[in-house]
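Q: Need coordinates for the following:
(one chain, ligands or ions: 1)
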Amino acid sequence: MMYSQTKTSAHRPQSSNVGKVWLVGAGPGDPDLLTVKALRVLQQADLILFDNLVSDEIRALFPKAVPAFYVGKRKDDHSIAQQDLNALLVKKAKQGLSIVRIKGGDPFVFGRGGEELMSLREAGIDAEVVPGITAASGCTTAAGIPLTHRGVSQGCTFVTAHGETELNLDWQALAHVGHTLVFYMGVSRAGIIAKNLIGNGLSASTPAAIIENGCRSNQRDIVGQLGELSHLVDTHQVQSPALIVVGDVVNLSARLRTLPELEILNQSCA
Ligand code: SAH
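A: Residues are numbered from 1 along each chain as shown. You can find the predicted model right below:
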């Protein structure tokens with residue numbers, strides 16, 4: 001089956017009384033990593049709905065006259081249920097508003113952007129996704145860790161360590177894939193991640209990093225080994241948002257990082 005679609009620009013779309021929803025990726029936190037398109041649609045919005053991962057610096061770029069509401073989901077604290085949010089987007093778009101629904105990173109990477117877009121499509125609402133820099137890309141770059149590197153890693157896998165009920169991952173495949181693994185939402189599951197990877201054959205001495213508040217002024221990079229992941233999380237009291245990177249590319253950070261003012265806590269060398 002073939003689809004043909006006309007690309008829309010970021011110009012304000014509604015000439016009639018039907019609005020539009022923009023599902024916008026804010027990137028990992030640094031406002032300079034916001035796309036030009038994201039900034040343009042923000043400036044043209046009638047209503048902004050934002051997540052907790054949208055940093056203060058990015059919120060400061062919201063036009064002051066535009067109403068902006070928090071609709072985020074912190075662990076165990078959902079300001080609004082997903083179904084209600086979907087319904088709100090439909091309702092406001094039907095009122096003719098241009099709504100920017102802005103989320104951390106990229107809306108389509110562990111961001112429920114697909115679900116929101118599906119519900120808008122089903123309701124016949126005009127909607128468009130503006131991609132953002134996902135945490136795996138932004139945070140590793142800021143930590144001097146290339147996701148792939150010739151001769152070191154030929155690929156990378158993004159994994160969520162958060163499951164609806166339990167983690168349903170093919171640990172054996174992950175342990176044997178031989179390339180970079182990036183775990184989102186993994187801080188509280190660091191021990192489980194390490195146990196499952198090591199239990200399925202990945203060496204406990206595989207380099208691992210935890211990047212907390214990546215691409216923000218308070219970024220912390222904690223570098224060590226897979227076998228000590230849980231210990232590192234506890235010792236350094238790692239807080240969300242944080243990303244876990246496992247693989248030999250982590251070792252490259254010592255030579256590639258360019259931000260000496262950031263705190264480097266290298267447990268293996270201590
Ligand atoms: N859609 C987002 C991911 C949402 S899931 C994206 O594409 O980046 C939330 C998880 O993303 C967090 O638990 C954390 O693992 C990761 N994350 C997002 N922003 C981060 C940041 N600035 N620093 C470290 N991890 C981050």
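
Q: got the residues of the stretch 51-200 of the chain near the ligand?
A: For the stretch 51-200 of the chain, the residues in contact with the ligand (Cβ under 6 Å from any ligand atom) are 53, 103-106, 109-111, 134-135, 139, 184-185. C-beta coordinates here come from the backbone N, C-alpha and C atoms, glycine included.

Q: Pick the one among these closest to Leu167.
A: Lowest distance from Leu167 to those (Cβ to Cβ) belongs to Met185, with 10.5 Å.

Q: and the residues of the stretch 51-200 of the chain next to the ligand, which are buried?
A: 53, 103-106, 109-111, 134-135, 139, 184-185 (16 or more other Cβ atoms under 10 Å).

Q: Reformat those as a markdown table; add secondary structure, distance to Pro241 and pLDDT.
A: A markdown table is the format used below for those (DSSP: H, G, I helix; E, B strand; the rest coil; distance: Cβ to Cβ, whole Å; pLDDT from 0 to 100):
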| residue | secondary structure | distance to Pro241 | pLDDT |
| --- | --- | --- | --- |
| Leu53 | coil | 6 | 95 |
| Lys103 | strand | 12 | 97 |
| Gly104 | coil | 7 | 97 |
| Gly105 | strand | 9 | 98 |
| Asp106 | coil | 14 | 98 |
| Val109 | coil | 13 | 97 |
| Phe110 | coil | 11 | 95 |
| Gly111 | coil | 12 | 91 |
| Thr134 | coil | 12 | 98 |
| Ala135 | helix | 7 | 98 |
| Cys139 | helix | 9 | 97 |
| Tyr184 | strand | 9 | 97 |
| Met185 | coil | 8 | 95 |
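
Q: would you turn the residues you listed into CSV with distance to Leu226?
A: As requested, these are exported to CSV (distance: Cβ to Cβ, whole Å):
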residue, distance to Leu226
Leu53, 26
Lys103, 30
Gly104, 26
Gly105, 24
Asp106, 26
Val109, 23
Phe110, 22
Gly111, 27
Thr134, 22
Ala135, 20
Cys139, 18
Tyr184, 17
Met185, 18
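
Q: pLDDT value on Ala81, please?
A: On pLDDT, Ala81 comes in at 87.
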